[in-house]
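A.B. asks: let me see the structure of the following:
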Amino acid sequence: AFRAKKYAGFVIKVMLVDSGYNPNSKAAATVKHRVYQFCLEQKGWAIPTKGHKDQDKPWRFNRIDAYKNKKVSQNLNLVHFSNDYYKQSLYGELGREDGRINWVIPASIDDEYCRQVVSEVRISSDRDFVWKKIRRDNHYLDSEVLCLVASDILRVRELSSDESPNLADPIAIQKTVLNKPKPLKRRLSSGVNYD
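C.D. replies: From the prediction side, this is the model:
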């Protein structure tokens, strides 16, 4: 099960961290990666991720060894996810024609945040589609994508309309998600349970 942490009064059930960022890439270290090191230190709620152009499922877990030294083994679960699936999901919510709003941000968000969220476009390339940057910075787009992945891992997007909290009340959202009956546990081959 996930270990919950509190931050500014809110419960954090899971935190996904992009493992593509590695400021230690040239430094010799025991741990392959600074993100993996952080996730090992915060095991149970911080999980490294790796986005892929596409894959057969929107997301999946994979067991990895975070250490270079084979004498010491420290396993982590890495979440692989489909960039295409989640970016299309997010962009689909931004341009809904039926007037429903499923993507809500605080009123205090600045224009830079919004520019970064729409910093890529999906274009046709021969027999495929690719996401192309139209602005240099896309960090907030990546963050929103990871929020969608986390919501699928925790099954938040499966809440029925009866269970949906008032979106203007973050405390109500927290209570709804935390009090939702737990789904059947899924067991990884490593024996770790996730609910």
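
A.B. asks: all helices of the chain, in order?
C.D. replies: Along the chain, counting by DSSP state H, helices occupy 34-41, 83-94, 111-117, 139-153, 170-179.

A.B. asks: can you give me the buried ones in the third one?
C.D. replies: This means helix 111-117. Tyr113, Gln116, Val117 (16 or more other Cβ atoms under 10 Å). Backbone N, C-alpha and C define where each C-beta goes, glycine included.

A.B. asks: mind giving me the packing neighbours of that helix?
C.D. replies: In this structure, helix 111-117 packs against helix 139-153, with contacts taken as 3 or more Cβ pairs under 8 Å, 6 or more residues apart in numbering; DSSP states H and E.

A.B. asks: check which residues of the helix it packs on are buried.
C.D. replies: Tyr140, Leu141, Asp142, Glu144, Val145, Leu146, Leu148, Val149, Ala150, Ser151, Asp152, Ile153.

A.B. asks: swap in stretch 94-113?
C.D. replies: Residues of stretch 94-113 classed as buried: Trp103, Tyr113 (neighbour count, 16+ other Cβ under 10 Å).

A.B. asks: what distance separates the start and the end of that stretch?
C.D. replies: 14 Å (Cα to Cα, to the nearest Å).

A.B. asks: mind checking the helices of the chain for the one nearest to Trp103?
C.D. replies: Closest to Trp103 of the helices of the chain, according to Cβ to Cβ: helix 83-94, at 4.1 Å.

A.B. asks: can you spell out which helices and strands pack onto that closest one?
C.D. replies: Under the contact rule (3+ Cβ pairs under 8 Å, 6+ apart), helix 83-94 is packed against strand 120-125, strand 128-133, helix 139-153.

A.B. asks: excluding sequence neighbours, find me the nearest residue to Pro48.
C.D. replies: In this structure, Pro48 finds its nearest non-sequential neighbour in Ser19, 4.0 Å apart by Cβ to Cβ, 6 or more residues apart in numbering.

A.B. asks: and Phe129, by the same measure?
C.D. replies: With sequence-adjacent residues excluded and distances taken as Cβ to Cβ, 6+ apart, Phe129 is closest to Arg122, at 5.4 Å.

A.B. asks: for His52, see how far away the one you found is.
C.D. replies: 15 Å (Cβ to Cβ, to the nearest Å).

A.B. asks: next one: Glu97
C.D. replies: Counting by Cβ to Cβ, the gap from Glu97 to His52 is 29 Å.

A.B. asks: which residues touch Lys53?
C.D. replies: Shown in contact with Lys53 (Cβ atoms under 8 Å, 6 or more residues apart in numbering): Ser82, Asn83, Asp84, Val130.

A.B. asks: and if you look at Lys50?
C.D. replies: Ser19, Gly20, Leu78, Val79, His80, Phe81.

A.B. asks: hmm, Gly51 and the first one touching each other?
C.D. replies: No - counting by Cβ atoms under 8 Å, Ser19 does not reach Gly51; the two are 9.3 Å apart.
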